[in-house]
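Asks: The amino acid sequence is not available; the structure is as follows:
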C-alpha cells in the first residue's frame with residue numbers, strides 16, 4: 001500500500017512542477033508581449049511625429 005501512495009504523491013508533485021513551469025512561461029510571455037507593444041507604440045508615435053513635421057515644414 002505504501003508503494004502505491006508514494007507513486008501517487010510523486011505523480012502529483014510532477015503535475016505541480018509542470019504547472020509551475022507553465023505559469024512561469026506564460027508570465028514571461030505576457031511581460032515580453034506588453035513590452036513589445038509599448039516599444040511598437042513608441043516607434044509609431046515617433047514616426048508619426050517625424051512625418052507630420054516633414055509634411056508641415
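Replies: Ah, there it is. Keep in mind it's a predicted model, so treat the numbers as computed, not measured.

Asks: Pull the number of nearby residues for residue 6.
Replies: When neighbours are defined as other Cβ atoms under 10 Å, residue 6 has 10 of them. Placement of C-beta: from N, CA and C, glycine included.

Asks: what's the answer for residue 11, then?
Replies: 10.

Asks: same thing with residue 31?
Replies: Residue 31 is flanked by 10 other residues according to other Cβ under 10 Å.

Asks: and it, how far is that from residue 25?
Replies: Using Cβ to Cβ, to the nearest Å, we find residue 31 at a distance of 11 Å from residue 25.

Asks: And for residue 8?
Replies: Look at residue 8 and residue 25: by Cβ to Cβ, they are 26 Å apart.

Asks: Sticking with the residue positioned nearest the centre of the chain, tell me its helix or strand.
Replies: Nearest to the geometric centre of the chain sits residue 29, at 1.5 Å (Cα atoms, centre = their mean). In this assignment (DSSP states H and E), residue 29 forms part of helix 2-56.

Asks: tell me the mean pLDDT over that helix?
Replies: Mean pLDDT, computed over helix 2-56, is 88.

Asks: what separates it from the chain centre, distance-wise?
Replies: Centroid separation for helix 2-56 versus its chain: 0 Å, with Cα atoms, centre = their mean, to the nearest Å.

Asks: do stretch 46-57 as well
Replies: In terms of Cα atoms, centre = their mean, the centre of stretch 46-57 is found 34 Å from the chain centre.

Asks: quick revisit: show the contacting residues for the residue nearest to the centre of the chain.
Replies: Under the criterion of Cβ atoms under 8 Å, 6 or more residues apart in numbering, the contact list for residue 29 is empty.

Asks: State the distance from it to residue 38.
Replies: Computed as Cβ to Cβ, the residue 29 to residue 38 distance reads 15 Å.

Asks: Give me the distance between residue 9 and residue 15.
Replies: 11 Å.

Asks: can you check residue 25 too?
Replies: The gap separating residue 25 from residue 15 is 16 Å, by Cβ to Cβ.

Asks: Ok, residue 52 next?
Replies: As for residue 52, its distance to residue 15 is 55 Å (criterion: Cβ to Cβ).
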